[in-house]
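K.L.:
Give me a model of this one.
(4 chains)
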Protein chains: 2
Amino acid sequence: MAVQDKTATPPRCEDCLIRHRAVCARAEVDELQILEQIKYYRSFSAGQTVIWSGDEMDFVASVVTGVASLTHTMEDGRRQMVGLLLPSDFIGRPGRRRAAYDVTAVSDLVLCCFRKRPFEEMMSKTPHVADRLLEMALDELDAAREWMLLLGRKSAREKIASFLSVLARRDAALRASKDIMAIEVPLTREEMADYLGLTLETVSRQMSALRREGIIVTSGKRGVTIPDFAALQQAAGDDLGGDICL
Amino acid sequence: MAVQDKTATPPRCEDCLIRHRAVCARAEVDELQILEQIKYYRSFSAGQTVIWSGDEMDFVASVVTGVASLTHTMEDGRRQMVGLLLPSDFIGRPGRRRAAYDVTAVSDLVLCCFRKRPFEEMMSKTPHVADRLLEMALDELDAAREWMLLLGRKSAREKIASFLSVLARRDAALRASKDIMAIEVPLTREEMADYLGLTLETVSRQMSALRREGIIVTSGKRGVTIPDFAALQQAAGDDLGGDICL
DNA sequence: CAACCACGTTGATCAAGATCAAATAAAAAG
DNA sequence: CTTTTTATTTGATCTTGATCAACGTGGTTG
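P.N.:
Next up is the predicted model:
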């Protein structure tokens, strides 16, 4: 199955789905023209590695569709996912030559890539991309720090509930219909374990426990319905809903 | 003892100790003049809270001397430190009104504060502060992600060894004399526990264990000497020395 | 269809670290 | 110099989640 790194035809930036949330969100017409010139799409199928930690990276990219993960791996095989990249999220760091993490396509994935050199030049000449990138970096930093609380202090049950809660809130933010909360978890049990600092068995057990208690309803391997969001929040251990206080 | 939030006289930016590493590192003469006008110093004694999570924040700041912590606290009292701020590190987020974490003076602390409004205006008009802030935010993000690996996957022993290793390397980077590695840990056992996602008892036990094995030598409560840095690295579980791969 | 495979669930046992409790040690206060 | 307070160490026990192992389930492939 796994199709090798095929190239798709990118749409015009104007028509792009992530135009108003990605790193290009505040780009003016002239900036957008430059981006248009240096961009190219790359597609990956689920499971493919986009880049290995330590590899030279001659591009930066935005996730257009699909989900990617950033993962740290220790020599003895222990893995910790340090980021889950959704559409509009940014990959790469201007000013850095080598990747600091493994980047993997968790689902089928389409990236909008920019050659690094011209992208950096543009950043130094016009402000809007850099501005947006700063904002996104600070958001990521907040997310990373929320995750530090989860990894350092929450129980397995709270970790699972927090994870589902984050997914559900992100989902609800996109689609205005918030009557029924039903999500598709984009990760396998093992990937959830890597994200939450658990083993896959513990993830499975806690999912079962939440199901038994009626806090979630599962359908198939990936489907999760949340009948009472407040109850899930409760189980997650954060009364504010895990939101960053703005 | 705890002196209330006294104000000290700031030196000229030119003479500032953190001039070349802080958010103002790349500021030109004209930018530095603006900063000079809107800056003021605030001092805190060890243990004082600089700002509570959720509080309105009308300033941003750089740490000039001393150590501050960023901490998440859950309603039931569980705490996770999500950042340790050393001289030149930045506090606050442009574009945000309220603090997202508790900021506490871990040692006696001097901050160089900038009123937020003029600071933000400056950022939108001249590029150098924003550029530097982006760079610093991306560095912080890397540090947060390295900490996620520590919190999610490392054993108590590895956590302690990693922490000491990070402190020692930072210290060695400043003072060129790298013959003998001796550091002063700026945190109590409880603060270390909050940083590492452990209990203070476990921190104490693992410190004792590393001492018994000769990997560290302690002097007083805070002093730690590292006779064989490679052995500490080994105990930390990262062969590369925990460095972010650039 | 049968065999296989990837993914998920569940059970039994074990170990790392948390918790509860006490004893030291060192610093601050009187 | 003694008392008080706070930080730290150490011990005994318990709990959570890891580990090892078996079994289920759905989908794909020959």
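
K.L.:
C-alpha from now on. contacts and neighbour counts both.
P.N.:
Fine.

K.L.:
Grab the nearest non-local neighbour of the most centrally placed residue in chain A.
P.N.:
Centroid-nearest residue in chain A: A:Leu85, 1.9 Å away (criterion: CA atoms, centre = their mean). Spatial nearest neighbour of A:Leu85, excluding adjacent residues (CA to CA, 6 or more residues apart in numbering or on different chains): A:Ala68 at 4.9 Å.

K.L.:
how near is the one you found to B:Thr199?
P.N.:
According to CA to CA, to the nearest Å, A:Ala68 stands 34 Å off from B:Thr199.

K.L.:
Comparing those two, which shows the higher neighbour count?
P.N.:
Between A:Ala68 and B:Thr199, counted using other CA atoms under 10 Å in any protein chain shown, A:Ala68 has the larger neighbour count: 30 against 16.

K.L.:
Backbone dihedrals for A:Arg98, please?
P.N.:
Dihedral pair for A:Arg98: phi -120, psi 150, per degrees, to the nearest 10.

K.L.:
Bridged to it, which residues?
P.N.:
A:Glu56 (DSSP bridges).

K.L.:
Name the single longest helix found in chain A.
P.N.:
Assignment by DSSP state H gives helix A:127-153 as the longest helix of chain A.

K.L.:
do that one and chain B meet?
P.N.:
Yes: under the criterion of CA under 8 Å from any CA of the partner chain, chain B is reached by helix A:127-153 at A:127, A:130-131, A:133-134, A:137-138, A:140-141, A:144-145, A:147-149, A:151-153.

K.L.:
what's the angle between that helix and helix B:127-153?
P.N.:
Orientation check (axes from the mean of the first three to the mean of the last three CA atoms, to 10 degrees): helix A:127-153 against helix B:127-153 gives 20 degrees.

K.L.:
same for the helix or strand following helix A:127-153, what does it pack against?
P.N.:
Next along the chain after helix A:127-153, taking DSSP states H and E as the criterion, comes helix A:156-174. Helices and strands touching helix A:156-174, by 3 or more CA pairs under 8 Å, 6 or more residues apart in numbering or on different chains; DSSP states H and E, are helix A:127-153, strand A:181-184, helix A:200-212, helix A:229-236.

K.L.:
tilt between helix A:156-174 and helix A:200-212?
P.N.:
Using the same axes, to 10 degrees: helix A:156-174 against helix A:200-212 is 70 degrees.

K.L.:
which outside residues touch helix A:156-174?
P.N.:
Residues outside helix A:156-174 that contact it (CA atoms under 8 Å, 6 or more residues apart in numbering or on different chains): A:150-151, A:178, A:181-183, A:185, A:196, A:198, A:202-203, A:206-207, A:229, A:232-233, A:235-237, A:241-242.

K.L.:
what do you get if the cut-off is 7 Å, keeping everything else the same?
P.N.:
With CA atoms under 7 Å, 6 or more residues apart in numbering or on different chains as the test, helix A:156-174 has contacts from A:Leu150, A:Lys178, A:Met181, A:Ile183, A:Leu196, A:Gln206, A:Leu232, A:Gln233, A:Ala235, A:Ala236, A:Gly237.

K.L.:
Pick the one among these closest to DNA strand C.
P.N.:
DNA strand C has its nearest neighbour among these in A:Gln206, at 8.4 Å by CA to the nearest atom of the strand.

K.L.:
Would you enumerate the residues in contact with that closest one?
P.N.:
A:Arg157.

K.L.:
and what of the one 3 residues further on?
P.N.:
Contacts of A:Ala209 were listed using CA under 7 Å, 6+ apart, and none were found.

K.L.:
Could you check how far it is from DNA strand D?
P.N.:
For A:Ala209, the distance to DNA strand D (CA to the nearest atom of the strand, to the nearest Å) stands at 11 Å.

K.L.:
Return the distance of that residue relative to chain B.
P.N.:
According to CA to the nearest CA, to the nearest Å, A:Ala209 stands 22 Å off from chain B.

K.L.:
Please apply the same query to A:Thr65.
P.N.:
Using CA to the nearest CA, we find A:Thr65 at a distance of 24 Å from chain B.

K.L.:
Also A:Leu32?
P.N.:
For A:Leu32, the distance to chain B - CA to the nearest CA - is 20 Å.

K.L.:
same deal with A:Ala231?
P.N.:
Here A:Ala231 is placed at a distance of 16 Å from chain B (CA to the nearest CA).

K.L.:
got the residues of chain A near DNA strand C?
P.N.:
For chain A, the residues in contact with DNA strand C (CA under 7 Å from any atom of the strand) are A:187-190, A:200-202, A:204-205, A:207-208, A:221-222.

K.L.:
could you redo these as TSV and give each row pLDDT and neighbour count?
P.N.:
Shown next, in TSV, are those (pLDDT from 0 to 100; neighbours: other CA atoms under 10 Å in any protein chain shown):
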residue	pLDDT	neighbour count
A:Leu187	97	18
A:Thr188	97	13
A:Arg189	97	20
A:Glu190	97	16
A:Leu200	98	17
A:Glu201	98	12
A:Thr202	98	16
A:Ser204	98	15
A:Arg205	98	13
A:Met207	98	21
A:Ser208	97	15
A:Lys221	92	11
A:Arg222	94	13
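
K.L.:
before we move on, back to that, lowest pLDDT pick from the contacts of helix A:156-174?
P.N.:
Within the contacts of helix A:156-174, A:Lys178 has the lowest pLDDT, namely 62.

K.L.:
Now do A:Gly47: how many residues are near it, please.
P.N.:
Here the number of neighbours of A:Gly47 (other CA under 10 Å) works out to 14.

K.L.:
That one in helix, strand or coil?
P.N.:
The local conformation at A:Gly47, judged by DSSP: H, G, I helix; E, B strand; the rest coil, is coil.

K.L.:
My guess is it contacts A:Val106. True?
P.N.:
Yes: using CA atoms under 7 Å, A:Gly47 is in contact with A:Val106, at 5.6 Å.

K.L.:
quick one: A:Leu150 from B:Leu134, how far?
P.N.:
Going from A:Leu150 to B:Leu134 by CA to CA gives 26 Å.

K.L.:
Those two: which is more packed in?
P.N.:
A:Leu150 (27 against 22).

K.L.:
Name all residues that make contact with A:Val23.
P.N.:
Going by CA under 7 Å, 6+ apart, A:Val23 touches A:Phe90, A:Val129, A:Arg132, A:Leu133.

K.L.:
now that we have those residues, which one has the most neighbours?
P.N.:
A:Val129 (24 neighbours).

K.L.:
What separation is there between that residue and A:Arg12?
P.N.:
Plainly put, A:Val129 is 18 Å away from A:Arg12 if you go by CA to CA.

K.L.:
now A:Ser204
P.N.:
Taking CA to CA, one finds A:Ser204 at 43 Å from A:Arg12.
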